[in-house]
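> Structure here, sequence nowhere to be found:
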């Protein structure tokens with residue numbers, strides 16, 4: 001709803017898989033040209049708070065990414081291929097004990113402080129996994145469906161569309177004659193344009209609740225009989241993502257500081273109650289629509305699945321621009337952001353790039369995963385802060401397309 005992204009955490013994410021199976025990772029040469037950035041090489045001694053971090057906790061998350069890299073497991077949303085240095089570090093990590101985690105990072109990697117093209121600090125937002133009441137069939141209080149991935153949906157890696165793909169879209173539908181045509185927009189899907197090709201999986205309170213789940217990319221569903229299910233990201237219609245928060249800020253002069261997640265949800269619901277279609281029409285400004293599958297196997301404490309195909313870890317997993325930073329890249333963040341509560345406080349720790357999102361663009365940009373539930377949602381919605389973004393690159397490697405910074 002805010003300026004954050006629709007993820008596969010799913011950010012959330014797109015399941016970039018064709019009807020023939022998982023698409024291969026694009027090579028660095030095939031990836032988009034790196035966004036302008038300014039980078040300065042640092043020493044680990046320059047990272048205030050580095051010595052006090054829980055390196056073993058960060059290493060556990062990093063090693064999960066490494067296992068996926070070494071197994072060549074398909075990403076849910078294909079990103080930049082890992083560099084030879086990152087692959088070598090992953091191989092080395094297989095024999096490293098948790099107690100040696102700090103030495104491992106300091107011996108294998110070099111910290112680089114990354115700034116955007118304008119030289120400014122990094123920009124951090126937050127995301128989370130909603131936890132909502134739901135029903136497997138329509139019932140009073142449960143009127144809006146979460147929908148399954150259509151059988152004819154085809155998606156592809158970014159910047160590698162198949163022949164005949166509609167321009168400026170990230171997915172399409174395969175027609176009976178083999179051609180590709182645009183999927184319906186959010187408004188069209190809500191009007192029934194997909195017919196029976198996208199079955200209802202579960203029902204939630206209203207379109208605002210469903211929209212919020214789509215933006216975050218996953219949800220924990222509480223059923224009336226006490227059971228729990230996960231709604232897991234399973235693709236999107238390929239149309240561009242539009243931030244409804246930005247629409248309200250720019251067109252209706254609502255101050256950005258007033259656009260917390262809860263306030264925005266309340267505003268849209270109130271608009272819909274007052275003028276019927278107004279609230280729904282606002283949601284339709286975002287033409288992107290996310291599909292799901294249901295999962296009953298995940299343990300209650302397990303995080304949602306991110307773009308790398310791995311379960312996310314609270315405050316250790318981040319979403320980055322997948323065209324610049326490969327999944328598995330360690331990133332030191334140092335910023336005063338909400339994380340212990342909605343009040344900002346200093347967060348200085350090593351994280352791992354395991355996710356991406358439609359609005360996570362640029363070299364000095366990250367979305368911090370805050371966990372699941374209402375409190376996590378409030379904290380994530382309040383996270384819009386700047387700070388230090390320090391990428392740990394394998395020794396001998398330099399940031400792509402970087403200019404020297406003082």
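That came through, no problem. Remember, it's a predicted structure, so these values are computed and weren't measured experimentally. Numbering: from 1, shown residues only.
> distance of residue 376 from residue 40?
As judged by CB to CB, to the nearest Å, residue 376 and residue 40 stand 33 Å apart. (Glycine included, C-beta is placed from N, CA and C.)
> More neighbours: which of those two?
residue 376 (20 against 16; other CB atoms under 10 Å).
> Could you look up the SS state of the more buried one?
helix (DSSP: H, G, I helix; E, B strand; the rest coil).
> which residue ranges form the helices in the stretch 101-250 of the chain?
Under the criterion DSSP state H, counting those that start in this stretch, the stretch 101-250 of the chain contains helices at 101-108, 186-190, 207-216, 244-251.
> Give me the residues contacting the shortest one.
In other words, helix 186-190. 147, 194, 198, 207, 237, 239, 280, 283-284, 286-289 (CB atoms under 8 Å, 6 or more residues apart in numbering).
> got a markdown table for these, with pLDDT and neighbour count too?
Listed next are these as a markdown table, based on pLDDT from 0 to 100; neighbours: other CB atoms under 10 Å:
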| residue | pLDDT | neighbour count |
| --- | --- | --- |
| 147 | 97 | 21 |
| 194 | 94 | 22 |
| 198 | 95 | 23 |
| 207 | 91 | 20 |
| 237 | 95 | 26 |
| 239 | 93 | 21 |
| 280 | 81 | 19 |
| 283 | 90 | 20 |
| 284 | 92 | 21 |
| 286 | 93 | 22 |
| 287 | 95 | 20 |
| 288 | 94 | 21 |
| 289 | 96 | 26 |
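> Strands - which of these land there?
Of the contacts of helix 186-190, the ones assigned to strands by DSSP state E are residue 147.
> tell me the two of the contacts of helix 186-190 that are most distant?
The two members of those with the most space between them (CB to CB) are 198 and 280, at 18.3 Å.
> ok so, going back, can I get the helices of the stretch 101-250 of the chain in a markdown table with distance to residue 325?
Below are these laid out as a markdown table (distance: least, CB to CB, whole Å):
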| stretch | distance to residue 325 |
| --- | --- |
| helix 101-108 | 16 |
| helix 186-190 | 29 |
| helix 207-216 | 21 |
| helix 244-251 | 24 |
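> Nearest to residue 296 among the ones you listed would be which one?
helix 207-216 (17.1 Å).
> Now do that closest one: which elements does it pack against?
Packing contacts for helix 207-216, counted by 3 or more CB pairs under 8 Å, 6 or more residues apart in numbering; DSSP states H and E, involve strand 122-129, strand 144-147, helix 261-275, helix 278-283, strand 290-295.
> winner for burial among the ones you listed?
Counting by mean count of other CB atoms under 10 Å, strand 122-129 has the highest mean neighbour count of these, with a mean of 26.
> What strands flank that one, and is each parallel or antiparallel?
Strand 122-129 has its sheet partners listed here by DSSP bridges as strand 365-372 (parallel), strand 384-394 (antiparallel).
> which one of these is the most hemmed in?
strand 365-372 (a mean of 25).
> That one - what's its average pLDDT?
Here strand 365-372 scores 96 as its mean pLDDT.
> now do stretch 160-168
89.
> likewise stretch 67-84?
91.
> same question, stretch 98-112
Mean predicted confidence for stretch 98-112 is 98.
> What are the phi and psi values at the residue of the chain positioned farthest from its centre?
Centroid-distance maximum for the chain: residue 177 at 34.1 Å, with CA atoms, centre = their mean. Phi and psi for residue 177, reported as degrees, to the nearest 10, are phi -90, psi 0.
> Could you list the low-confidence segments of the protein?
Scanning the chain for pLDDT under 70 picks out 1-36, 158-159, 256-261, 271-277, 404-406.
> Can I get the strands paired with strand 122-129 in CSV including distance to residue 293?
Converted to CSV, the strands paired with strand 122-129 look like this (distance: least, CB to CB, whole Å):
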stretch, distance to residue 293
strand 365-372, 18
strand 384-394, 31
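> right, so of these, which gets closest to residue 44?
Of the strands paired with strand 122-129, nearest to residue 44 by CB to CB is strand 384-394, at 9.1 Å.
> can you give me the angle that closest one makes with helix 101-108?
Per axes from the mean of the first three to the mean of the last three CA atoms, to 10 degrees, the angle that strand 384-394 makes with helix 101-108 is 70 degrees.
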